[in-house]
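Student: sequence first, then the predicted structure:
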Amino acid sequence: MTFDELQKNWQSQPGNFTLTIDSDILFKQVERNKRSFESSILCRDFIEVTIAIILFLFFAYIGFELKLWPAFLLALISLWIAGFMVTDRLIQKRRQPKITEILTDCTKALLYQVNHQIWLLKNVTWWYLLPPGIGIAVFMGYIAFEEVSRDGISGSIGWLSFISGYLIFCFFFFWGVYWLNQRAVRKELLPRKQELEQILKSLKSDEA
């Protein structure tokens, strides 16, 4: 049967034709999607927290060894990011709707997680990108000030050029991270949210 014949047969069906989906199958699918989503988020958070802790130890070591106070600022910022992600996960775990074997509850729980991830990524500038951006700017500004104070502007042209280039690189790097996060919201999270909202709407209409 060709596509045109299949389309004609579909259009010839009565107007009240409906497709029934087993609720148990749909529940298992939603639950499977929920576990997969939670696993990917947990893996991401674990990697991010681990990197933040490593950076905290690294910058703390640099600060003690070289006696650079801006390094301590970067260490505290790294610790802030790790602490924010761990605290946020603990808070959301308490606030998350209770999961039962009811399809509506499972869908609401998954929708809650998706909405929170959308909020996190949309606000990634304030809790993830801006703090290290400020820390790096302060660190580089301090080095530039020290170099100019020691060798003068003419003797520090090389360092100043390197610092300027590095700051420009960091700006575009952070912008790229922001763009990737917003793309993930548009391409992955928002479509998933719309699908879950449609499921909930359909379930409520069936209950009514």
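Tutor: Okay, I see it.
Student: next SSE after the worst-scoring helix or strand of the chain on mean pLDDT?
Tutor: Within the chain, confidence by mean pLDDT, DSSP states H and E is lowest for helix 3-11 among all helices and strands, at a mean of 44. Using DSSP states H and E, the helix or strand that follows helix 3-11 in sequence is helix 23-66.
Student: excluding its backbone neighbours, what's nearest the spatially most central residue of the chain?
Tutor: Nearest to the mean C-alpha position of the chain, by C-alpha atoms, centre = their mean, lies L121 at 4.4 Å. Spatial nearest neighbour of L121, chain neighbours left out: N181 (4.4 Å); criterion: C-beta to C-beta, 6 or more residues apart in numbering. In short, each C-beta sits where N, CA and C put it, glycine included.
Student: now stretch 131-148: buried residues?
Tutor: P131, P132, G133, G135, I136, F139, M140, I143, A144, E147 (16 or more other C-beta atoms under 10 Å).
Student: closest to S156 among those residues?
Tutor: Among the buried residues of stretch 131-148, E147 lies closest to S156 (C-beta to C-beta), at 4.2 Å.
Student: the closest one is in contact with W159, isn't it?
Tutor: Yes - if you go by C-beta atoms under 8 Å, E147 and W159 touch, sitting 4.6 Å apart.
Student: picking that back up, where's the residue nearest to L121, which helix or strand?
Tutor: Counting by DSSP H and E, N181 is found in helix 157-184.
Student: which other helices and strands does the helix or strand following that helix contact?
Tutor: Using DSSP H and E, the next helix or strand after helix 157-184 towards the C-terminus is helix 190-207. Here helix 190-207 touches helix 23-66, helix 103-122, going by 3 or more C-beta pairs under 8 Å, 6 or more residues apart in numbering; DSSP states H and E.
Student: go again using 6 Å as the cut-off
Tutor: Contact partners of helix 190-207 among helices and strands, from 3 or more C-beta pairs under 6 Å, 6 or more residues apart in numbering; DSSP states H and E: helix 103-122.
Student: can you show me the CA trace of the helix it packs on as PDB?
Tutor: Backbone C-alpha positions of helix 103-122 (Å, rounded to 0.1, in the frame of the first residue of the first chain) are rendered in PDB as follows:
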ATOM      1  CA  LEU A 103       0.300   7.900  36.000                       C
ATOM      2  CA  THR A 104      -0.800  11.400  36.900                       C
ATOM      3  CA  ASP A 105       1.600  11.600  39.900                       C
ATOM      4  CA  CYS A 106       4.500  10.200  38.000                       C
ATOM      5  CA  THR A 107       4.000  12.700  35.200                       C
ATOM      6  CA  LYS A 108       3.700  15.600  37.600                       C
ATOM      7  CA  ALA A 109       7.000  14.500  39.300                       C
ATOM      8  CA  LEU A 110       8.800  14.400  36.000                       C
ATOM      9  CA  LEU A 111       7.300  17.700  34.900                       C
ATOM     10  CA  TYR A 112       8.500  19.300  38.100                       C
ATOM     11  CA  GLN A 113      12.000  18.200  37.500                       C
ATOM     12  CA  VAL A 114      11.900  19.400  33.900                       C
ATOM     13  CA  ASN A 115      10.600  22.800  35.000                       C
ATOM     14  CA  HIS A 116      13.300  23.200  37.600                       C
ATOM     15  CA  GLN A 117      16.100  22.300  35.000                       C
ATOM     16  CA  ILE A 118      14.600  24.900  32.700                       C
ATOM     17  CA  TRP A 119      14.800  27.500  35.500                       C
ATOM     18  CA  LEU A 120      18.400  26.500  36.300                       C
ATOM     19  CA  LEU A 121      19.600  26.700  32.700                       C
ATOM     20  CA  LYS A 122      17.800  30.000  32.000                       C
END
